[in-house]
Structures are given as structure tokens and as C-alpha cells.
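Engineer: Sharing a model prediction with you, sequence too.
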Amino acid sequence: MNIKKMPNGRYRVQVYDEHGVRHRKTFDKKADAEAFAVKITTAKYERQKIKNNLSKSRSTFEQAVTDYWSNRSQLRPKTNAKYKCELAFIDEFRKQQNIRYVDEFTRGHADKFKQVLLANNASPKTINSYLTRLKGLFTEQVNRDNIDKNPVSHIKSVPLKRKSLFEREQDYYTEEEIKAFFSQEMEDVYRNAFLGLYLTGLRFEELANLTWQRIDQVNNLIKVRSAGAFVTKTPSAERDIPLAQTLRKILDQQVRTSETDYLFPSLSGGKLSERTMLTICKEIGKSAGIQKNLTLHKFRHTFTSLLSQYGISYEVREYLLGHKPSGSLTSHYTKQNPSKFHFVIKILEGILSDNTENNKTGGLAQAGPSER
């Protein structure tokens, strides 16, 4: 590099980068000229070290995001959209901090990122989700040996607000509300689908994508699996669920009449629409006099809440819901046998015993497993 003092008192620096390109610039202060020259020269030497296998290449944030997605190619559409939104927010933050490489992100940046989230008045659940995404991004880089330590590992999650008893009751349907809901008149196809949600605890996408091939008639089990275009939310979401006798009777009644692969089809025999089901759910709930906000996912909350009230252990409910085990050594070595859990589902059927006997249950669809 060459730094020369000009007649006007300014300093001109001339330096060549790693590609042999000449850079010439003028500064008011000699220190600024030297800093510019050192920056170009250092980059050149780093490039040479990488070329001679004396140093590893630095990972950019763009590459880090690519690395992160490479292990998550099977995400469900909703999860995919959520991750993209969170990663876009992270990328915007690092641009504002003038960060290009992942090794430039410090613990101080992590603290500032959390403060930005808190300043936006986001909910604790939302903040924790963004922090989880940031931690995951850097964990991937540590695993790939691109950085030595995760700069976000010291960040703690935001404590979730403890809900009042009234707020917790809003998260699920009570026994009385369930009885009132299923006492209403509705199309058999929709009744069957709502019964499916209530008696299995399945997520809506899991229920809507169930096919006849997923029924184990010998052991009376529903086998939730990733298949075709459907992917479970997480690997632990693949599980076997006891098939309620109420649902089994419907299957047996319609075993030779169905013309669709779906266990819970739409009126036309196609795949159930979540939007349509939600609209119908709200209409039926209103007719039943249910005052709380009606959602399809609330049947899943009802499944675990009512079972909890009847003394079913957290570990059993955790398995049936397809949640990831807590991570303790005990949970790691505890293996559940779903064929032993039929008594659990009978608890929920007992709540509906009067309703299911006095109302039409119709057919589960128009297809039977014996024809598949």
C-alpha cells in the first residue's frame, strides 16, 4: 500500500485488493487513510489464507439462512411462512447493525435484538418464537463449524403471562358446551369431522389428510404419518392414536359405500376445507349458546383439558397430542403403547354418550378400507 501526503494537506492512499484491483482514495486524516488501507490489505491476506487452506471461509448471513433451510425442507406451509417472516425480521435487524458475516454478530447484538422485540410490544409467545429462530440459526452455524460459540445462547425466553382461571376456561370447551354443540342439527359429514377432532385431539391438517390406509383395524388405531404432500408438524407428531368406538362404528357402517380416500371428506367427497369447517363451527356453536370464541383448534385443547380433569397423566396426553417429549432422561426412555390407551378415549365418549345416541351419526365418508 502507498500513503502520500498531498500539497493541500490531505492523504491519498493507493492499495490493491485480493483481486488485483487498485483502490485509490483521499482522506483528511492520515489515520483514516491507514485504516482504509489496512482493511483492504487484511481482506487480501485472509483470502490468501483461505486459498492455501490455512483458514476457513467466513459465512455470510445469506449463507447462514440457506444452511438453516437446508435441514427444514419438509416444513408445513404455515410453518414455512412463519419461519420466513421471522428470518426476514432477523435479516433486517442485521442490516441495520451493518453486519455481513455471522461471526460479527455478538452477545451485545443478541441483547439488542431482544430489546427491539420487547419495544414492539409483541406477546411473550411471539418474542420467544423469534428468539428461538435466531438461536436456531446460530446453532446451525456452530454445528457447521463456521463459528465457535452461539452468541444468543445466554438469552432467556420471556416469561409467559399466567392466565387467570377465566382465561384458561376460554381456551377449551367445557363438558356442557361439548354436549350442547353435538346436540345441534348438522350435516353428517360435518358431525363426523367434529367428532374426529374431539375424540382424537388431532390438528385439523392431520384430520383432513387422514386416509383409509391409516386405519389399523386389528388394533383399532389411527396412524398419523407423513405421506405424499402431507407432512406432520414435527417428527414427534407421527404417532398412533386409539380409534374411538364411536368412530369405529361409523367406519363399519360405511365400509363398502365410500368413493373417496379421505376418512373425513367434504360434502363433495374431497378434502375438508379448514375455512368451511370454521364457519360451520361458529354457526353451530352460536346455536348451541356457546359464548366464547369458537375455533377448530379449541377441540384439541378440549381433548387434553378434559382428560387432565379426569386424571390422565401429562405424559400420556403429551404423546396423544404428538408433542415433543420434555427432554428429560426419564421421558427419553419412556415408551408409550397407544394400544393401551383406549380407556382414555372412552372418557371423552362417556361425556357424549347421551348426545351420540340421540343424534344421527351418519357415515364417516363414503369409502371403506376394505376397498383400498
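Structural biologist: Arrived safely, thanks for sending. As the structure is a computational prediction, the values presented were derived from the model and not from experiment.
Engineer: Tell me which helix or strand the residue nearest the centre of the chain sits in.
Structural biologist: With distances taken as Cα atoms, centre = their mean, residue 79 lies nearest the centre of the chain, 4.8 Å away. Using DSSP states H and E, residue 79 falls within helix 77-96.
Engineer: Show me what counts as buried in that helix.
Structural biologist: Neighbour counts over helix 77-96 (16 or more other Cβ atoms under 10 Å) mark 83, 86-87, 89-91, 93-94 as buried. Using the backbone N, CA and C atoms, a C-beta is placed for each residue, glycine as well.
Engineer: could you give me the average pLDDT of that helix?
Structural biologist: Helix 77-96 carries an average pLDDT of 92.
Engineer: so what does that helix touch, helix or strand wise?
Structural biologist: helix 61-70, helix 107-119, helix 124-143 (3 or more Cβ pairs under 8 Å, 6 or more residues apart in numbering; DSSP states H and E).
Engineer: relative orientation of that helix and helix 61-70 in degrees?
Structural biologist: 160 degrees (axes from the mean of the first three to the mean of the last three Cα atoms, to 10 degrees).
Engineer: can you redo the helices and strands packed on helix 77-96 as a markdown table with mean neighbour count?
Structural biologist: As requested, these are exported to a markdown table (neighbours: other Cβ atoms under 10 Å):
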| stretch | mean neighbour count |
| --- | --- |
| helix 61-70 | 16 |
| helix 107-119 | 15 |
| helix 124-143 | 18 |
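Engineer: and the ones you listed as JSON lines, adding mean pLDDT and distance to residue 288?
Structural biologist: Formatted as JSON lines, the helices and strands packed on helix 77-96 follow (pLDDT from 0 to 100; distance: least, Cβ to Cβ, whole Å):
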{"stretch": "helix 61-70", "mean pLDDT": "89", "distance to residue 288": "44"}
{"stretch": "helix 107-119", "mean pLDDT": "95", "distance to residue 288": "40"}
{"stretch": "helix 124-143", "mean pLDDT": "94", "distance to residue 288": "29"}
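Engineer: And the closest residue to residue 245 other than its chain neighbours, how far from residue 72?
Structural biologist: Leaving out its chain neighbours, the residue that sits closest to residue 245 by Cβ to Cβ, 6 or more residues apart in numbering is residue 349, at 6.6 Å. According to Cβ to Cβ, to the nearest Å, residue 349 and residue 72 sit 38 Å apart.
Engineer: between these two, who's got more neighbours?
Structural biologist: Neighbour tally, residue 349 and residue 72, criterion other Cβ atoms under 10 Å: the higher count belongs to residue 349, 16 against 12.
Engineer: Let me know the helix or strand that that one is in.
Structural biologist: helix 342-351.
Engineer: biggest helix in this structure by residues?
Structural biologist: If you go by DSSP state H, the chain has its longest helix at helix 30-51.
Engineer: List of residues touching stretch 68-83?
Structural biologist: Identification of contacts with stretch 68-83 by Cβ atoms under 8 Å, 6 or more residues apart in numbering yields 87, 129, 133, 136-137, 140, 205, 226, 231-233.
Engineer: returning to what we had before: give me the buried stretch members for the helix holding residue 349, please.
Structural biologist: 344-345, 348-349, 351.
Engineer: name the helices or strands packed onto that helix?
Structural biologist: Helix 342-351 packs on helix 175-182, helix 188-200, strand 239-242, helix 245-253, helix 297-309, going by 3+ Cβ pairs under 8 Å, 6+ apart.
Engineer: out of the ones you listed, which comes closest to residue 110?
Structural biologist: helix 297-309 (32.2 Å; Cβ to Cβ).
Engineer: Can you list the buried residues in the closest one?
Structural biologist: By 16+ other Cβ under 10 Å, the buried positions in helix 297-309 come out as 298-307.
Engineer: do the same with stretch 231-240
Structural biologist: 231-233, 237-240.
Engineer: Show me what the mean pLDDT comes to for it.
Structural biologist: Averaging pLDDT along stretch 231-240 gives 86.
Engineer: Between its first and last residues, how far does that stretch reach?
Structural biologist: Start to finish, the residues bounding stretch 231-240 are 15 Å apart (Cα to Cα, to the nearest Å).
Engineer: and the residue lying closest to residue 116 once chain neighbours are set aside, how far is that from residue 65?
Structural biologist: Of all residues not flanking residue 116 in the chain, residue 93 sits nearest, at 6.5 Å (Cβ to Cβ, 6+ apart). To residue 65, residue 93 is 13 Å away according to Cβ to Cβ.
Engineer: Could I get the full set of strands for the stretch 201-350 of the chain?
Structural biologist: Secondary structure of the stretch 201-350 of the chain (DSSP state E, counting those that start in this stretch): strands located at 215-216, 221-224, 239-242.
Engineer: Where does the prediction get shaky in the stretch 201-350 of the chain?
Structural biologist: The stretch 201-350 of the chain contains residues with pLDDT under 70 at 255-257, 325-335.
Engineer: who are the neighbours in contact with the residue nearest to residue 244 when sequence neighbours are not counted?
Structural biologist: Distances taken as Cβ to Cβ, 6+ apart put residue 199 closest to residue 244, at 4.2 Å, once the chain neighbours are dropped. When contacts are counted by Cβ under 8 Å, 6+ apart, residue 199 touches 244, 246-247, 303, 345, 348-349.
Engineer: and those residues as a markdown table, adding distance to residue 254?
Structural biologist: Output for those, formatted as a markdown table (distance: Cβ to Cβ, whole Å):
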| residue | distance to residue 254 |
| --- | --- |
| 244 | 15 |
| 246 | 13 |
| 247 | 11 |
| 303 | 24 |
| 345 | 20 |
| 348 | 22 |
| 349 | 19 |
